[in-house]
Structures are given as structure tokens and as C-alpha cells.
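Undergrad: Provided below for reference: sequence and predicted model.
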Amino acid sequence: MLEAAAELATEKELARVQMHEVAKRAGVAIGTLYRYFPSKTHLFVAVMVEQIDQIRDNLDRRPPAGQGPDAIYEVLVRATRALLRRPALSTAMIQSNSTANAATVPDAGKVDRVFHQILLEAAGIENPSEDDSTAVRLMMQLWLGVIQSCLNGRISIPDAESDIRTACDLLLTRLSTNLY
């Protein structure tokens, strides 16, 4: 079902993806789709969780070369490039995740937790301080805004990567890994 949703969202914008199309492409009854995903928001947040799991798998195979903020920058640039390869799908996932209430769409909280952990691990931070967690959370929020601006045609890919570099330099200078 997630693969079918991702395929459809790659072909057209989120508003035009219909749940009955997803069910048909997945080869399941519409009731089955709604049992697992009560709304399009639930569905596309779950697709985003799957995409983040793929990012983690790719990082396990090829860890970032740098450390601390440089490692986080590398992870974010890789994730940016992967997302921009399928802009309509990325827009669907980001829109769904940004409007999802974590209390009613539990996977929205999972997106945040897992991606936060990926960035901390990339930076080499095993026991994050409150400042570490705050800096990484702010970096994630800023990054999603940069991605959205790029997807909306407001900034170019090189500008997006430059903005991510600047944000890492400004927000992540006091990470625990930089204090030693």
C-alpha cells in the first residue's frame, strides 16, 4: 500500500491522489486501506517513515565522512538530493507530516524521533544534552523549510545546499562533539 501511494504521488500532486486509486494499485480492498490508514495524511506520513528508514539504511551502508556538524550537513544534503529526485512525492510527504497532529497520527512523531536520532548518530552524539537535542530539532525544522522552498521553486538546489551549510554552521557550533 505504501509503495502504491508513493508511485501515485510521484505521478501527481497530493490533492489529486485518491484513496481508491491507492487501494486499486495496491491490490487491496478500500476497507483494508482505511483500516491501516484512516486518511491520506496517515498514509503519506507512513510513506515518509519508510523513506526515512531508507535514509538510515543508506547511512548504515555509507556513513558520512565528517564528524559533528559536517556529518549532519552531509546527511541533510544526501536526504535533500534524494527528496528532490521525486518532488511531487516529497511535497506530499512533507505536507502530510507538517499538518499531522502527533496525537492522532502517531507516525508523525516517529518521523521526528527517527530523523532526530539519525542526525545525532551521524554527529557521533550518544548521550545528547538538552542543547544538542534543541539544536538538532531546530536544524530539522529549518531543513524542512529549505526543502519546501526548493520544492516550491523559491530557491535553487545550490542555494538550498548553501542555506543548509550556513544553518549547520550557525546552529550546530555548540554540539557536544565540538566541546572536546
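TA: Okay, I see it.
Undergrad: every contact and neighbour count from this point should use C-alpha atoms.
TA: Will do.
Undergrad: can you give me the helices in this structure?
TA: 2-11, 19-26, 30-36, 40-61, 68-84, 87-99, 106-123, 130-151, 157-171 (DSSP state H).
Undergrad: what comes into contact with the last one?
TA: Helix 157-171 is contacted from outside by 69-70, 72-73, 76-77, 135, 138-139, 142-143, 146-147, 150, using CA atoms under 8 Å, 6 or more residues apart in numbering.
Undergrad: and for stretch 76-88?
TA: 9-14, 55, 90, 143, 147, 151, 161, 164.
Undergrad: gap between residue 96 and residue 87?
TA: Residue 96 is 14 Å from residue 87, where distance means CA to CA, to the nearest Å.
Undergrad: I meant residue 135, not that one.
TA: 27 Å.
Undergrad: what do you get for residue 80?
TA: Distance from residue 80 to residue 87, by CA to CA: 10 Å.
Undergrad: before we move on, what about residue 59?
TA: 21 Å.
Undergrad: neighbour count winner among those two?
TA: residue 87 (21 against 15; other CA atoms under 10 Å).
Undergrad: any weak-confidence spans in the chain?
TA: Applying pLDDT under 70 to the chain flags the ranges 177-180.
Undergrad: quick one, what contacts residue 44?
TA: Counting by CA under 8 Å, 6+ apart, residue 44 has contacts 2, 5, 6, 92, 93, 96, 97.
Undergrad: rerun that using 6 Å as the cut-off
TA: Taking CA atoms under 6 Å, 6 or more residues apart in numbering, we find residue 44 in contact with residue 93.
Undergrad: got a list of contacts for stretch 12-30?
TA: By CA under 6 Å, 6+ apart, stretch 12-30 touches 1, 4, 5, 88, 92.
Undergrad: and with 8 Å instead?
TA: So stretch 12-30 is contacted by 1, 3, 4, 5, 8, 9, 33, 40, 88, 89, 91, 92 (CA under 8 Å, 6+ apart).
Undergrad: now do the end-to-end distance for it.
TA: Span of stretch 12-30 from end to end, CA to CA: 20 Å.
Undergrad: same question for stretch 31-44.
TA: 17 Å.
Undergrad: what comes up buried for it?
TA: 33, 34, 37, 40, 41, 42, 43, 44 (16 or more other CA atoms under 10 Å).
Undergrad: would TSV of those with distance to residue 169 be doable?
TA: Shown next, in TSV, are the buried residues of stretch 31-44 (distance: CA to CA, whole Å):
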residue	distance to residue 169
33	43
34	44
37	39
40	36
41	33
42	34
43	35
44	32
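Undergrad: out of those, flag the one nearest to residue 176.
TA: residue 44 (34.1 Å; CA to CA).
Undergrad: the closest one and residue 23: what is the separation?
TA: According to CA to CA, residue 44 and residue 23 sit 14 Å apart.
Undergrad: brilliant, that's me finished.
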